[in-house]
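> okay, predicted coordinates and the sequence, questions at the end:
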Amino acid sequence: MTPETLAEKVLSATRAAFADLGLDATALPTETAVERPRNPEHGDYASTIALQVAKKVGTNPRALAQGIADQLASVDGVAGVDIAGPGFLNITLDAAAAGAIAEQIVAAGTAYGYNESMKGAHVNLEFVSANPTGPVHAGGTRWAAVGDALARVMRASGAKVASEYYFNDAGSQVDRFANSLLARAKGEPTPEDGYGGGYVDEIAAEVLTRHPDALESDDPQEVFRTAGVELMFEQIKTTLADFGTHFDVYFNEKELHDKGELDAALERLSKLGHVFEADGATWLRTTEFGDDKDRVLKKSDGSWTYFAADCAYYLDKRERGFDKLVLMLGADHHGYVGRMQAISRAYGDEPGTLEILIGQMVNLLRDGKPVRMSKRMGTVVTLNDIVEAIGVDATRYALTRYSADSSIDLDIDLWTKHGNDNPVYYVQYAHARISGVLRNATELGIDKGDTYDASLLSHPRENDLLKALAEFPAVVASAAELREPHRIARYAEDLAGAYHRFYNDCRVLPYPGEALTETGRARLWLVDATRVVLANALGLLGVSAPERM
RNA sequence: GCGCCAGUAGCUCAGCUGGAUAGAGCACCGGACUUCUAAUCCGACGGUCGCAGGUUCGAAUCCUGCCUGGCGCGCCA
């Protein structure tokens, strides 16, 4: 029996108890959940429903709990129900009901964990979106890992998701980048407001390779701008692809300008009455929608602001049919939230249409000291640097196992030197151990058969493992709904721990000279189910599930 | 000054949509390899959940104020 099924049984038992006691059934929630108690004395699952609703109907929680327990006791698969404390319901499943989940998981395979908590949502998820003026840096690396994991988690929850990367290729930063390239190509020092770092020299050299006469052309700056940005695009895309982060759409800001979408956006906002002229500039009255100051769309010199492009881009996304726009930004951009939300409201969208997720910064430490980073000096730590130091799996895992609300201190030396301390190995090792068992089983000619006696999975370690496995779909659903993919990593560690403990206490394969027992066969199902879930969980994080380590 | 995030074991962090005795990894100490991978497991140690109030059967979790740290408050992008 799955926790979801049990929760439904609890709810219907509560409904029945209400009827028996003559209570007002409208006080009941439409759904409930059961918890997995830490203390084994509290049963396999616990419900607090009696505590939650007793007050509403003015009845004694313990008495209500008793009524629910009486109903639950007769449910098939429930071995016992205890009432504890102020009215907790502690439910114990019989081993057969608990053990049946292994078969369901194996049957579902890669689909296990899929749920429909976001069914029907059409989501545009934008993340990374760094300027094409340099390689993806440490912060961008975090979003590349977290955003990609979130996209996978939402898809696993039934949402239709397009992951998107926005290239700001139309702004003055790109001009500075072009100036820097040109200067370096001529052998001149980097301009005062330019970009430094070895990659600038490399790009400049590559531009010259592709366009040998670039410096002699009519407009060298333009040649370097176009070719340089193009090369930077390629490099960023390759880097992200190698990192396992896929984007469905790479969107160029330039496209908005070329198609006249900024004018269209301005016109639309004007018609809606949210635009005004002041000091020679054109403004959007964002303060009407909660922003702390109004924002300029078109400067007094007639040029567009970056914000105007944001408006056009927002509208573009909406017109592409997305009903939910999720935008991941670094904490250094959280000041944008107010104006971005104002755009959404100015166009008349409901609150919640645009959802902005703010992720805190990644600090890099070397020898326990912060690495000073400067874009101008070119001392930025890039995605490639981190991957080179600790590998793709460790990087993705290290960046996705923490809440995005927390800043990360990533100690390069620690992750390099003490690789074994990395929790990703703990999880991957569990998967490798399982693969080993299954490999050995094959070599021994052992087949787990078409079915097994689930009641034989009665060891406490087996019980714990089964409960952990059963939790996965709910974890995926909550990770999607809360936009918190780190829950998947934490769950994977929890599951890996349950497996390691099981493995330690429960022999699966027969010892030499002995035959496979029925218990061993049931355990093979359990092991295979664990393999499926670990692989699925790691898959949601974009981390590999190795068969050998 | 205003806003966002954080403050939980020596360290790094989970837990926060109110639930039972607050958890994990690392570090340190002591155990378990003739046995499916010891990259594992078991035990011990370790806490005024930043501080002070409030809400209630119950608060790390919700509310208010304060303290500390990070980030941000352009007709820059």
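Alright, I've got the coordinates.
> going forward, measure contacts between C-alpha atoms and count neighbours the same way
Will do.
> quick one: low-confidence ranges for chain A?
For chain A, applying pLDDT under 70 flags the ranges A:367-368, A:372-379, A:416-421.
> mind listing the helices for the stretch 151-300 of chain A?
For the stretch 151-300 of chain A, applying DSSP state H, counting those that start in this stretch gives helices covering A:172-185, A:198-210, A:220-242, A:253-258, A:261-271.
> over to the stretch 401-549 of chain A?
Assigned by DSSP H, counting those that start in this stretch, the helices in the stretch 401-549 of chain A fall at A:412-417, A:423-443, A:460-481, A:486-505, A:518-541.
> now those in a markdown table, with mean neighbour count and distance to residue A:241?
Output for the helices of the stretch 401-549 of chain A, formatted as a markdown table (neighbours: other CA atoms under 10 Å; distance: least, CA to CA, whole Å):
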| stretch | mean neighbour count | distance to residue A:241 |
| --- | --- | --- |
| helix A:412-417 | 16 | 23 |
| helix A:423-443 | 19 | 21 |
| helix A:460-481 | 22 | 23 |
| helix A:486-505 | 21 | 21 |
| helix A:518-541 | 24 | 15 |
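> could you dump these into TSV with distance to residue A:178 added?
TSV is the format used below for the helices of the stretch 401-549 of chain A (distance: least, CA to CA, whole Å):
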stretch	distance to residue A:178
helix A:412-417	32
helix A:423-443	41
helix A:460-481	40
helix A:486-505	39
helix A:518-541	36
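> ok, which of the helices of the stretch 151-300 of chain A comes nearest residue A:69?
Taking CA to CA, helix A:220-242 is the member of the helices of the stretch 151-300 of chain A nearest to residue A:69, at 53.6 Å.
> so what touches that closest one?
Helix A:220-242 is contacted by residues A:132-136, A:144, A:169, A:174-175, A:177-179, A:181-182, A:203-204, A:207, A:214, A:217, A:246, A:383-384 when judged by CA atoms under 8 Å, 6 or more residues apart in numbering.
> now the buried members of those residues.
A:132-136, A:144, A:169, A:174-175, A:177-179, A:181-182, A:203-204, A:207, A:214, A:246, A:383-384 (16 or more other CA atoms under 10 Å).
> residues in contact with the residue nearest to the spatial centre of chain A?
Relative to the mean C-alpha position of chain A, the nearest C-alpha, by CA atoms, centre = their mean, is the one of residue A:150, at 2.6 Å. Residues near residue A:150 by CA under 8 Å, 6+ apart: A:479-480, A:483-485.
> try 10 Å
Residue A:150 is in contact with A:125, A:143-144, A:156, A:161, A:163, A:400, A:479-486, A:488, A:540-541, counting by CA atoms under 10 Å, 6 or more residues apart in numbering.
> do the same with residue A:289
Contacts here follow CA under 10 Å, 6+ apart; on that basis residue A:289 touches A:338-346.
> going by distance to RNA strand B, which of those residues wins?
For the contacts of residue A:289, the residue nearest RNA strand B by CA to the nearest atom of the strand is residue A:338; the value is 8.2 Å.
> who in the stretch 301-450 of chain A is up against RNA strand B?
Residues of the stretch 301-450 of chain A lying close to RNA strand B by CA under 7 Å from any atom of the strand are A:301, A:304-307, A:331-336, A:358, A:360-361, A:402-409, A:420-423, A:425-426, A:429, A:432-433, A:435-437, A:440.
> list the contacts for the residue lying closest to residue A:284 once chain neighbours are set aside?
Nearest residue to residue A:284, sequence neighbours excluded (CA to CA, 6 or more residues apart in numbering): residue A:275, at 4.6 Å. Residues counted as contacts of residue A:275 (CA under 10 Å, 6+ apart) are A:266-269, A:282-286, A:294-297, A:346.
> same thing but at 8 Å, please
By CA under 8 Å, 6+ apart, the contact set of residue A:275 is A:266, A:269, A:282-285.
> repeat for residue A:159
Contacts of residue A:159 (CA under 8 Å, 6+ apart): A:116, A:118-123.
> CSV for those residues, including neighbour count and secondary structure?
Converted to CSV, these look like this (neighbours: other CA atoms under 10 Å; DSSP: H, G, I helix; E, B strand; the rest coil):
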residue, neighbour count, secondary structure
A:116, 16, coil
A:118, 18, coil
A:119, 14, coil
A:120, 12, coil
A:121, 18, coil
A:122, 17, strand
A:123, 22, strand
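> which of those residues sits closest to RNA strand B?
Nearest member of those to RNA strand B, counting by CA to the nearest atom of the strand, is residue A:118, at 14.2 Å.
> so the closest one sits against residue A:161, correct?
No: look at residue A:118 against residue A:161 with CA atoms under 8 Å: they stay out of range, at 10.4 Å.
> shared neighbours of the two, anything?
Common contacts of residue A:118 and residue A:161 (CA under 8 Å, 6+ apart): residue A:154.
> for the residue in the stretch 51-200 of chain A positioned nearest to RNA strand B, give its distance to residue A:12.
Closest residue of the stretch 51-200 of chain A to RNA strand B, CA to the nearest atom of the strand: residue A:171 (3.3 Å). Separation of residue A:171 from residue A:12 (CA to CA, to the nearest Å) stands at 60 Å.
> cool, and residue A:329?
Counting by CA to CA, the gap from residue A:329 to residue A:12 is 43 Å.
> those two: which is more packed in?
Using other CA atoms under 10 Å as the criterion, residue A:329 and residue A:12 rank with residue A:329 on top: 22 against 16.
> secondary structure element holding the residue nearest to the centre of chain A?
Residue A:150 belongs to helix A:138-155 when assigned by DSSP states H and E.
> sorry, back to before: now, of the helices of the stretch 151-300 of chain A, which is deepest in the fold?
Highest mean neighbour count among the helices of the stretch 151-300 of chain A (mean count of other CA atoms under 10 Å): helix A:172-185, with a mean of 22.
> packing partners of it?
If contacts are counted by 3 or more CA pairs under 8 Å, 6 or more residues apart in numbering; DSSP states H and E, helix A:172-185 sits against helix A:198-210, helix A:220-242.
> can you list contacts of that helix?
Outside helix A:172-185, the residues that touch it by CA under 8 Å, 6+ apart are A:131-133, A:189-191, A:193-196, A:200-201, A:203-205, A:208, A:220-222, A:224-225, A:228-229.
> keep those residues, but drop any that are not near RNA strand B.
Among the contacts of helix A:172-185, the residues within reach of RNA strand B (CA under 7 Å from any atom of the strand) are residue A:131.
> what is the neighbour count of the closest residue to residue A:361 other than its chain neighbours?
Excluding its sequence neighbours, the residue lying closest to residue A:361 (CA to CA, 6+ apart) is residue A:407, at 5.0 Å. Neighbour count for residue A:407, taken as other CA under 10 Å: 14.
> contacting residues for residue A:407?
Residues near residue A:407 by CA under 8 Å, 6+ apart: A:359-363.
> same check, this time on residue A:302
Residues counted as contacts of residue A:302 (CA under 8 Å, 6+ apart) are residue A:281.
> re the thing from before, could you export the contacts of residue A:289 as TSV, including secondary structure?
Shown next, in TSV, are the contacts of residue A:289 (DSSP: H, G, I helix; E, B strand; the rest coil):
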residue	secondary structure
A:338	helix
A:339	helix
A:340	helix
A:341	helix
A:342	helix
A:343	helix
A:344	helix
A:345	helix
A:346	helix
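> break chain A into its domains for me.
Chain A breaks down by automatic domain parsing into domains covering A:3-93, A:172-239, A:422-541.
> got the contact list for residue A:37?
Shown in contact with residue A:37 (CA under 8 Å, 6+ apart): A:43-46.
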